[in-house]
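>>> Turn this into a model:
(2 chains)
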Amino acid sequence: MVRLQADAPEQYAALFAKHEHRKGLPDLEGSEHGVVMRFAPNPSGPLHIGHARAAALNDAYVKQYGGRYILRIEDTDPKRVDPDAYEMVKEDIAWLGLGITETVTQSDRLPLYYDLCRQLIERGGVYVCTCDNEHFKELKQAKVACPCRDQPVETGLALWEKMLTHGFAEGEVTVRVKTDLQHPDPAMRDFPIFRILDAPLHPKKADAFVYPLMNFSVVADDHLLGVTHVIRGKDHIANTRRQRYIYDHFGWKVPVYRHYGRMGIEGVVLSTSQMRRGIDDGVYSGWDDIRLGTLRALARRGISPEAVKNAMLAIGIGDTDISFSWDNLFAENKKLVDPVANRYFFVPDPVTATITGAPHHVAHAQLHPGDAARGVRTLTFSGSVLLPGAELRPDVTMVRLKDLFNVSLAWDGATPSFTYAGDWLADARAAKAHIIQWLPAQESVPCTVLTPDGEMTGACEPAVRSELGRVVQFERVGFVKIDAVSENRIRAYFTHT
RNA sequence: GCUGCUAUAGUGUAGUCCGGCCAAUCAUGCGGGCCUUUCACGCCCGCGACUGGGGUUCGAAUCCCCAUAGCAGCACCA
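As a prediction, the model looks like this:
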């Protein structure tokens, strides 16, 4: 091996390159001339952490290879459309910072789908099936063609025309793709691509009643929009197989597909219907309630969009089922937030302490320990302070108030008395005293820190009021997002430690 | 049940295609230490995995077979 290194350094290097940790996403075949990819949510509610994976992965590949990134709103099922969701999805995508280059909405494109369906009838690739649904299922299970399958093209076109002019009621007719009735997977056999829906009315297209099914509109749009690569969950593997039949009937080029595995997410509610019910019942405060897994809830908790994207990219496109790790997300977020978050004192469960023998003193505490240029907060000591109750236990005889001075504790039973014990940090170190946060008794604002499973009450520096909407670090507590500020109260959400 | 996919430390991930560098990568987590006027950040050390069983081979995380487990789909949803 040593000789190889000497005789053929390139070969030697190549051998070892293989074992370096590969960074970034795996290459996509056929990406030499750029890519066209899409993110295709269903507008049934706001985006959640599960959507973020597809959104971030596609986004990253478009950035890597160059090309177009299409946002396609898939609203072809009026039952699953929430009119408010169009706007929410738009907001969520803006928050995530995706490089979307164009947006299309499928309900605007129904005529396109109708036209392509007619072409497919003419090609003999599909047929208009008027069989009873249950009956068709039986035939399908038995691998037997239904009578409609052999209809002449003219009949198919006539029935299609009758569909479009509302000559059928809901449930009476469906357009089916000719696949392979002998296919071992019944899910592949002559699946439907159009149906009639009389109710509910589509919130954006009240006059529509012939709707394409997802397997058709997706193929039509992927082709029409020039989509080259599709990255989506493995729940679509069967759909990919089905969609191939449509591509074949048209003679179209099939995009490159990658299907990533299922991502289990614990600790938050993700089901749109469950979230909506909870909001309606008043269990949740809204779509951004921090117990939910929506992107807006993460934003409210102080998670940055970059952290979300980074966490998703680290997970990648593997087809293994995985469980999403909040720890990893928090770690990504901490990397981003630690350098920029200002530091403040928050005293949980405050106890008022009057310190005898202490001179008046003005403390200057750095806004950020790594960046002196940011300046300091000024805290004036004039006799009484608020201290964290948890630090005052009968075995504690000395504490150091951070950036101030040392205090010794004398215990009369369970009641402590506090005495000034000098300014020297070295004394506190020698006594192994905790260096704790404190607040001037006269200069503090009541503050509540909400966590997904409870709340901490206490007080914080008045200056925190100026940090509304930002993430700060409450020293010795953790990072929090300042959510609401009023004259006499501050509310914050706990982000992570 | 049928059809398919997958299986590396607590979690995520690299390596698997084209067997030897793998006594297995990186991150996170956890434990310990250093640094530090935060239980943060940074630095150092440590813990911890190739699902099981056969086979092929001089040699298997990597190839083959079987088993097991998990997941997906089997809608006039997306």
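
>>> In stretch A:411-429, which residues are buried?
A:416, A:418, A:421, A:427-428 (16 or more other CB atoms under 10 Å). Every C-beta, even on glycine, is put in place using the N, C-alpha and C of the backbone.

>>> Let's have the residues you listed in CSV, adding pLDDT and secondary structure.
Listed next are those as CSV, based on pLDDT from 0 to 100; DSSP: H, G, I helix; E, B strand; the rest coil:
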residue, pLDDT, secondary structure
A:Pro416, 94, strand
A:Phe418, 97, strand
A:Ala421, 94, coil
A:Asp427, 94, helix
A:Ala428, 94, helix
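
>>> Distance of A:Ser273 relative to RNA strand B?
According to CB to the nearest atom of the strand, to the nearest Å, A:Ser273 stands 11 Å off from RNA strand B.

>>> secondary structure element for that residue?
Following DSSP states H and E, the helix or strand that holds A:Ser273 is helix A:272-280.

>>> Looking at the buried residues of stretch A:411-429, spot the one nearest RNA strand B.
Nearest to RNA strand B, judged by CB to the nearest atom of the strand, of the buried residues of stretch A:411-429 is A:Ala428 at 7.9 Å.

>>> Beta-bridge partners for the residue nearest to the closest one when sequence neighbours are not counted, please?
Excluding the flanking residues, the one nearest A:Ala428 by CB to CB, 6 or more residues apart in numbering is A:Arg400, at 3.7 Å. Beta-bridge pairing of A:Arg400 under DSSP bridges involves A:Asn406, A:Ile435.

>>> Would you mind listing where chain A has pLDDT under the threshold?
Chain A contains residues with pLDDT under 70 at A:1-23.

>>> Now do the helices in it.
Assigned by DSSP state H, the helices in chain A fall at A:2-7, A:9-17, A:49-65, A:85-96, A:110-122, A:133-141, A:153-164, A:214-224, A:237-250, A:272-280, A:295-301, A:305-315, A:326-337, A:425-430.

>>> just checking, A:Tyr284 touches A:Gly293?
No: the pair A:Tyr284 / A:Gly293 is not scored as a contact, 11.6 Å apart, by CB atoms under 8 Å.

>>> Mind listing the shared neighbours of those two?
In terms of CB atoms under 8 Å, 6 or more residues apart in numbering, A:Tyr284 and A:Gly293 are both contacted by the residues A:Val269.

>>> And the nearest residue in space to A:Arg465 that is not next to it in sequence, how far from RNA strand B?
Once flanking residues are discounted, A:Arg465 sits nearest to A:Val485: 4.8 Å by CB to CB, 6+ apart. In this structure, A:Val485 and RNA strand B are 22 Å apart, going by CB to the nearest atom of the strand.

>>> sorry, back to before: save the buried residues of stretch A:411-429 as JSON lines, and put in distance to RNA strand B too.
Output for the buried residues of stretch A:411-429, formatted as JSON lines (distance: CB to the nearest atom of the strand, whole Å):
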{"residue": "A:Pro416", "distance to RNA strand B": "17"}
{"residue": "A:Phe418", "distance to RNA strand B": "17"}
{"residue": "A:Ala421", "distance to RNA strand B": "13"}
{"residue": "A:Asp427", "distance to RNA strand B": "11"}
{"residue": "A:Ala428", "distance to RNA strand B": "8"}
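
>>> Tell me the residue of the stretch 1-150 of chain A that sits nearest RNA strand B?
For the stretch 1-150 of chain A, CB to the nearest atom of the strand, closest residue to RNA strand B: A:Glu74, 2.7 Å.

>>> Pop out the phi and psi values for that residue.
The phi and psi values for A:Glu74, taken as degrees, to the nearest 10, are phi -100, psi 90.

>>> hang on, A:Asp423 packs against A:Leu401?
No: contact between A:Asp423 and A:Leu401 fails when scored by CB under 8 Å: they sit 10.5 Å apart.

>>> And stretch A:92-105, end to end?
End-to-end distance of stretch A:92-105 (CA to CA, to the nearest Å): 16 Å.

>>> Quick check: chain neighbours aside, which residue is closest to A:Ser323?
Closest to A:Ser323 by CB to CB, 6+ apart is A:Gly264, at 4.3 Å.

>>> just checking, A:Tyr247 touches A:Val254?
Yes: with contact defined as CB under 8 Å, A:Tyr247 counts as touching A:Val254 (4.8 Å).

>>> before we move on, the earlier item: what about the residue nearest to A:Ser323, neighbour count?
Using other CB atoms under 10 Å, A:Gly264 has 10 neighbouring residues.

>>> measure it to RNA strand B for me?
From A:Gly264 across to RNA strand B, the span is 8 Å (CB to the nearest atom of the strand).

>>> Same check on A:Ser217?
For A:Ser217, the distance to RNA strand B - CB to the nearest atom of the strand - is 7 Å.

>>> before we move on, what about A:Ile315?
From A:Ile315 to RNA strand B the distance is 4 Å (CB to the nearest atom of the strand).
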